[in-house]
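Chemist: Model the following, please.
(one chain, ligands or ions: 1)
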Amino acid sequence: MINRLIASTLPLLPKRFVWLFSRSYIAGETVEDAMSACQTLNADGIKTTIDILGEFIHNLDEAEKNRDEYLSLIDIAQRTGIDGNYSVKPTMFGLLINAEACYSHIRRIVAKAASYGNFIRIDMEDSKCVDLEMNLFRRLKTELPENVGLVVQAYLRRTLKDLKDLMDLHTPTIPLNYRLCKGIYAEPGHIAFQRHDEINAHFLEDLEFMFRNGVYPGIATHDRSLVDGALALIDKYKIPRDRYEFQMLYGVAPELRRSLIEAGHTLRVYVPYGRHWFGYSTRRLKENPKIVNSIVKSLLLSR
Ligand code: FDA
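Modeler: Next up, the predicted model:
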């Protein structure tokens with residue numbers, strides 16, 4: 001309760017304080033910071049997906065700058081030899097201002113990744129974006145089928161139906177490729193399951209649907225019970241190692257991720273970087289108020 005209270009007031013404090021928490025979950029502010037974090041992860045046998053921080057922009061000039069930053073990132077990461085792909089948040093390209101302009105920007109980014117034989121993941125944002133992001137994905141998947149994937153959120157009541165509806169885009173040679181996560185935004189009960197057990201049951205139901213239909217899932221969770229549930233499904237359906245991967249956030253659950261790598265599973269870490277780390281950090285704080293303990297500890301240690 002106290003952690004929750006502190007978590008909700010921290011965003012009102014000077015950025016310096018929030019940075020004490022953020023620095024463990026963000027590669028840094030620059031592309032060089034991101035390259036260095038990715039190289040360290042790659043050296044441990046971990047693949048990456050790089051995200052430039054930023055979302056919910058207010059004018060389309062920002063969208064163009066963001067697009068150019070991604071185009072440059074892709075050239076730099078490919079030149080550096082990073083073993084990883086890229087994640088984008090459509091509201092960073094003006095999804096809610098002009099969906100057509102957003103599509104053009106992301107299409108250029110996907111085409112750039114495709115020129116290197118690489119891949120762009122479209123992150124899923126809050127519920128007012130879901131239809132728009134599904135449409136965006138549908139269009140891009142039709143045009144560049146090997147180079148784009150989508151995130152789906154297990155807390156949404158609609159997700160299993162969405163997965164079924166999108167199956168027309170699936171072929172055995174170019175399977176659909178999703179990241180399955182719980183979902184991070186605060187949504188009302190009629191849109192999203194609220195209870196931990198309901199969300200987890202739906203997560204495993206969605207995952208089982210993917211395995212039964214040959215879809216490639218990125219299993220994105222740090223929840224031990226979901227990892228165990230996923231491993232049981234992998235065993236049940238005898239899924240080969242190259243037909244799925246686990247995914248985790250930068251700085252979270254290093255022991256769990258090590259145990260998966262040691263067991264021979266593919267692991268990818270989401271590496272966010274950039275100047276706009278404040279919104280990303282405060283959302284994670286609200287989601288996981290338990291982290292407040294470690295912030296208070298670092299505040300005390302930094303005196
Ligand atoms: P849960 O929240 O139950 O956490 C399990 C345990 O993991 C916790 O007890 C805690 O110890 C640890 N943990 C989890 N999150 C932590 C954190 N931030 N800091 C420290 N410890 C933490 N969501 C979304 O809506 N759209 C998206 O596109 C994405 N993309 C995405 C990519 C990847 C690679 C991951 C792993 C997650 C996302 N998410 C996301 C976020 C996701 O929806 C979810 O909010 C978080 O992963 C937390 O859920 P868990 O499944 O880890 O379970």
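
Chemist: CA only for contacts and neighbour counts going forward, please
Modeler: Will do.

Chemist: packing partners for the host helix or strand of Tyr103?
Modeler: If you go by DSSP states H and E, Tyr103 is part of helix 99-115. Judged by 3 or more Cα pairs under 8 Å, 6 or more residues apart in numbering; DSSP states H and E, helix 99-115 is in contact with helix 60-80, strand 120-122, helix 130-143.

Chemist: Contact partners for Phe137?
Modeler: Counting by Cα atoms under 8 Å, 6 or more residues apart in numbering, Phe137 touches Ile122, Val148, Gly149, Leu150.

Chemist: if I look at the last one, how far off is Arg179?
Modeler: Taken as Cα to Cα, to the nearest Å, the spacing of Leu150 relative to Arg179 amounts to 6 Å.

Chemist: again with the first one
Modeler: Relative to Arg179, Ile122 is positioned 9 Å away (Cα to Cα).

Chemist: same check, this time on Glu245
Modeler: Distance, Glu245 to Arg179, by Cα to Cα: 9 Å.

Chemist: list residues touching both of the two?
Modeler: Common neighbours of Glu245 and Arg179 (Cα under 8 Å, 6+ apart) are Pro217, Gly218, Ile219.

Chemist: I'd assumed Leu249 was in contact with the last one.
Modeler: By that I understand Ile219. No: using Cα atoms under 8 Å, Ile219 makes no contact with Leu249, being 11.6 Å away.

Chemist: Those two: which is more packed in?
Modeler: Just comparing Ile219 and Leu249: by other Cα atoms under 10 Å the higher neighbour count belongs to Ile219, 24 against 19.

Chemist: Off-centre distance for the host helix or strand of the more buried one?
Modeler: Per DSSP H and E: Ile219 is located in strand 216-220. Distance of strand 216-220 from its chain centroid, counting by Cα atoms, centre = their mean, to the nearest Å, is 11 Å.

Chemist: for the following helix or strand past that strand, packing partners?
Modeler: Counting by DSSP H and E, the element after strand 216-220 in chain order, helix or strand, is helix 224-236. In terms of contacts (3+ Cα pairs under 8 Å, 6+ apart), helix 224-236 is packed against helix 196-212.
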